[in-house]
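1. Give me the fold of what follows.
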Amino acid sequence: MRFLLDENADMRLAATLEVHGHDVTSINRDYAQGVSDVDVLALATREARVLVTFDRDFGELVVRHREPHAGVIYLRLGVVPLAAKAERLLESIDYLASQNRPPFLVVTPIAIRSAPE
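-> You can find the predicted model right below:
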C-alpha cells in the first residue's frame, strides 16, 4: 500500500511501514512543511496514498465536508510508546485491506472503527 504521513505523525512509523513493504512519503521528509490540511488531503488523494495522521481535523474534512480521499487512518492513541503506535497502525492496515472502499479509520488503543461517510 501507499501511505502519506502527516507532519504530526511520528517519522519512525515510516520505517515500520517500509519494513512491511509499503511505499511511504512524509510531509516532514518529502514535502514543504506547513501545508494546509486541505492540501495534505488533496496531495494524498492525487498520489493515491492513505493518509496517516494524529490530527482530528481530517475527520471534519472527510466526513462533514465530504472531501475526496484515498483513505485516512486517524490515530487517537494519546501518549503511548512507539511499539504500541506501530502495532495499532499495522492492525489498522489489515482492517483497511478488508474494506471495499477507502475508509476513514479511527484507531484507538482498544478499537478500530470506520467513521460514517
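
2. From now on I want contacts and neighbour counts done on CA atoms only, so please keep to that.
-> OK.

3. Name the helix or strand for L43, please.
-> Assigned by DSSP states H and E, L43 falls within helix 37-46.

4. Helices along this structure, start to end?
-> 12-19, 27-30, 37-46, 57-59, 82-97 (DSSP state H).

5. Packing partners of the third one?
-> I take that to be helix 37-46. strand 50-53, helix 57-59 (3 or more Cα pairs under 8 Å, 6 or more residues apart in numbering; DSSP states H and E).

6. contacting residues around Y95?
-> Shown in contact with Y95 (Cα atoms under 8 Å, 6 or more residues apart in numbering): I112.

7. That one and I27, how far apart?
-> Going from Y95 to I27 by Cα to Cα, to the nearest Å gives 24 Å.

8. do R12 as well
-> Plainly put, R12 is 13 Å away from I27 if you go by Cα to Cα.

9. Who has more neighbours out of those two?
-> The neighbour count for R12 versus I27, taken as other Cα atoms under 10 Å, is higher for I27 (19 against 12).

10. Just give the number of residues close to the closest residue to the more buried one other than its chain neighbours.
-> Distances taken as Cα to Cα, 6 or more residues apart in numbering place E7 nearest to I27, at 5.1 Å, with adjacent residues excluded. E7: 22 surrounding residues under other Cα under 10 Å.

11. Surely E7 is in contact with Y31?
-> No: E7 lies out of contact with Y31 (Cα atoms under 8 Å); the separation is 9.5 Å.

12. So for stretch 85-99, mean pLDDT?
-> Averaging pLDDT along stretch 85-99 yields 89.

13. ugh, typo on my part, it should be stretch 17-29
-> Mean predicted confidence for stretch 17-29 is 95.

14. and R12, what pLDDT?
-> Listed pLDDT for R12 reads 92.

15. first to last residue in stretch 63-79, what's the distance?
-> Start-to-end, stretch 63-79 (Cα to Cα) is 25 Å.

16. for stretch 5-16, same thing?
-> 12 Å.

17. which residues sit against that stretch?
-> Applying Cα under 8 Å, 6+ apart, the contact partners of stretch 5-16 are 24-28, 33, 40, 51-55, 82, 85-86.

18. Filter those down to the buried ones and express that as a PyMOL selection.
-> Entered in PyMOL, the line below selects the buried ones among these, by 16 or more other Cα atoms under 10 Å:
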select buried, resi 24+25+26+27+28+40+51+52+53+54+55+85+86
